[in-house]
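> give me coordinates for this.
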Amino acid sequence: MYEPIDTNTKLKTAAKYSIILIVAVISVIYFVRYMSTLAETNASHTPHQFSEYEMRFLNRIECERARTSWERALAATPLLFPSSPSVLNKRNVLHDFEYLMTTIRGSFPYLGFAYRQLGIELDVLESRFLEAIYQVFEESTTGNIHYRSFLRVLDEEIIRHFGVMGHLRAISPNHNVYGHFGSMPLDERIVFESIEANNVAYMSIASFLINDDLRQEASDAIHNFYLYIANYEHLIIDIRENAGGNVTFFFYELIQPLMIEDYTHITFSFATDLRAGSRWVHDRAIGRFYGIHGITAQNTRDILPMDILLENHGHELIYLHPGDKATFNYGFRNEYVITAPRSIDENGYEVIKPIFTGKVWLLIDRGASATVEIAHRIKDMGMPTLVGNTTGWATGRGRAYEPLPISRIILSFDALHMTDRHGRSNEYGIDPHIFCDDPLATVLQLIASGEYIKRPSSALG
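You can find the predicted model right below:
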């Protein structure tokens, strides 16, 4: 005897499979549309030609740290829709521009600094941009413009006014930032030289952008150089015109082997909005970002609302600008220790034993990014001796990549505003111990005359 058929169940099943079929068909259609548009874009447009300055900026971005954030920004484009349209109408541009300005106002933590240092007022820049972009549309015969025209006006009327502050940039959506990483051979990044046999050694570093593929090779080369000059009296490290990169690499590979005592580094980082910087903040700040290669990270980086941070650490932040206190919404205290190299002596005791014990000089210039952070930490550590000119200013962390909704132009900036242990944000750069325009010649002259303070032989000096 047959059981009666449940008509409702049959209809529900049919409806379910119909919906699945419709979704599948729509997905195929959009996928074909996406691939077709992508092929047309690649075939009809030449790659964006970056200036030398833009290339230097792109090479400053730290490969391993930024990769996750960059990939997620690119992945924000839905797979079923066309990528970056080449032609934009006025509504497209105004929509993206409003998104960009909202992001800068809400998430870029350097606006107070920009006003104090450069007199930048966003309302003024916004008016100038609108006037310029309307002019571009008026000159268009079709009523539309290419996204590169939008990018150019953005750069001219908004971005360039900030200089290198907070690494604020607008980047072409069709440019692969990572295509330029690793293009500089190691022997061009780091140059070793003996200026005076058994007395003065010289090392020039053009970039700290050392990825995992080159790190071990670079580490071995520096270690072997230190062994070779172990009995020299002087080591000159030149980071002038450095393109930036991995600060951790500099301190672990170059400075730690020379240290005669442990060093505790304390900084504070602040954010106006965690949404733009959430990729980095959640991936790195709460994790153990500095906990690699022997650098011990203290787990003191919990992100706190600003009022609670000030309640807990306000006594430390004695130089934090009052305007920034009111602007920042979140912050965290970062503390980590770089340990001096150890060995076991003949009595079985652990002792500090640097690989090189001579005088160390560090040559600096107006460089920004990593150069500023390095100079700041060196000043805090008390070694090496800084020689040259005042550095640039306004370094941060937490590189955020925000794609604009329609053009997919990438807005890049530091989502975290970093200060020293007392809340100073390097508004005027880091001064050297010795000011001069030709630091290498000055150091060699000081060495020849003997007019310098010798390095202590131990932590007790």
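
> could you list the buried residues of stretch 400-412?
400, 401, 402, 403, 404, 406, 407, 408, 409, 410, 411, 412 (16 or more other C-beta atoms under 10 Å). In short, each C-beta sits where N, CA and C put it, glycine included.

> again with stretch 197-211
Applying 16+ other C-beta under 10 Å to stretch 197-211 flags 200, 201, 202, 203, 204, 205, 206, 207, 208, 209, 210, 211 as buried.

> so which of these belong to strands?
Mapping these onto strands (DSSP state E) picks out 200, 201, 202, 203, 204, 205.

> I'd like the residues you listed laid out as a markdown table, including distance to residue 229.
Listed next are these as a markdown table, based on distance: C-beta to C-beta, whole Å:
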| residue | distance to residue 229 |
| --- | --- |
| 200 | 9 |
| 201 | 4 |
| 202 | 10 |
| 203 | 9 |
| 204 | 14 |
| 205 | 16 |
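
> for residue 384, state which of those residues is nearest.
Nearest to residue 384 among these, counting by C-beta to C-beta, is residue 203 at 11.4 Å.

> got the contact list for the closest one?
Contacts for residue 203 (C-beta atoms under 8 Å, 6 or more residues apart in numbering) come out as 190, 191, 192, 193, 222, 225, 235, 236, 237, 238, 254.

> and if we set it to 10 Å?
Residues in contact with residue 203 (C-beta atoms under 10 Å, 6 or more residues apart in numbering) are 190-193, 221-222, 225-226, 229, 235-239, 254.

> swap in residue 396?
Residue 396 makes contacts with 108-110, 113, 165-168, 269-271, 277, 369, 372-373, 413-419, 425-426, as judged by C-beta under 10 Å, 6+ apart.

> pLDDT at it, what is it?
Residue 396 is assigned a pLDDT of 74 by the prediction.

> tell me, how many residues neighbour the residue lying closest to it once chain neighbours are set aside?
Closest residue to residue 396 apart from its sequence neighbours, by C-beta to C-beta, 6 or more residues apart in numbering: residue 414 at 3.0 Å. Per other C-beta atoms under 10 Å, the neighbour tally for residue 414 reads 25.

> now do residue 453
9.

> kindly report the same for residue 335.
By other C-beta under 10 Å, 16 other residues sit near residue 335.

> ditto for the one 4 residues further on
Neighbour count for residue 339, taken as other C-beta under 10 Å: 14.

> that older thread, of the buried residues of stretch 197-211, which one scores lowest on pLDDT?
residue 211 (67).

> output the below-cut-off pLDDT ranges for the stretch 51-200 of the chain.
Across the stretch 51-200 of the chain, the ranges flagged by pLDDT under 70 are 51-85, 174-185.

> helices of that one, start to end?
52-60, 63-75, 90-107, 111-118, 122-139, 147-157, 186-189 (DSSP state H, counting those that start in this stretch).

> want to throw the ones you listed into CSV with mean neighbour count and distance to residue 448?
Below are the helices of the stretch 51-200 of the chain laid out as CSV (neighbours: other C-beta atoms under 10 Å; distance: least, C-beta to C-beta, whole Å):
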stretch, mean neighbour count, distance to residue 448
helix 52-60, 16, 34
helix 63-75, 17, 41
helix 90-107, 17, 51
helix 111-118, 18, 39
helix 122-139, 14, 51
helix 147-157, 19, 47
helix 186-189, 13, 29
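
> could I get these as a markdown table with distance to residue 359?
Formatted as a markdown table, the helices of the stretch 51-200 of the chain follow (distance: least, C-beta to C-beta, whole Å):
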| stretch | distance to residue 359 |
| --- | --- |
| helix 52-60 | 30 |
| helix 63-75 | 33 |
| helix 90-107 | 44 |
| helix 111-118 | 35 |
| helix 122-139 | 47 |
| helix 147-157 | 44 |
| helix 186-189 | 24 |
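
> what's the closest non-adjacent residue to residue 256?
residue 338 (5.7 Å).

> ok, so of the buried residues of stretch 197-211, who is nearest residue 117?
residue 208 (25.0 Å).

> leaving out the residues flanking it, which one is nearest to the closest one?
Closest to residue 208 by C-beta to C-beta, 6+ apart is residue 245, at 3.3 Å.

> and the one you found, how many residues sit next to it?
Applying other C-beta under 10 Å, I find that residue 245 has 25 neighbouring residues.

> now do it against residue 214, distance only.
Distance from residue 245 to residue 214, counting by C-beta to C-beta, to the nearest Å: 11 Å.

> closest to residue 391 among the contacts of residue 203?
residue 239 (9.9 Å).

> OK, contacts around the closest one?
203-208, 250, 254, 362-365, 367, 370-371, 374-375, 388, 391 are the contacts of residue 239 under C-beta under 10 Å, 6+ apart.

> go with 7 Å
Contact partners of residue 239, counting by C-beta atoms under 7 Å, 6 or more residues apart in numbering, are 205, 362, 363, 364, 371, 374.

> the third one pairs with what?
In this structure, residue 363 has beta-bridge partners residue 238, residue 387, where bridges are defined by DSSP bridges.
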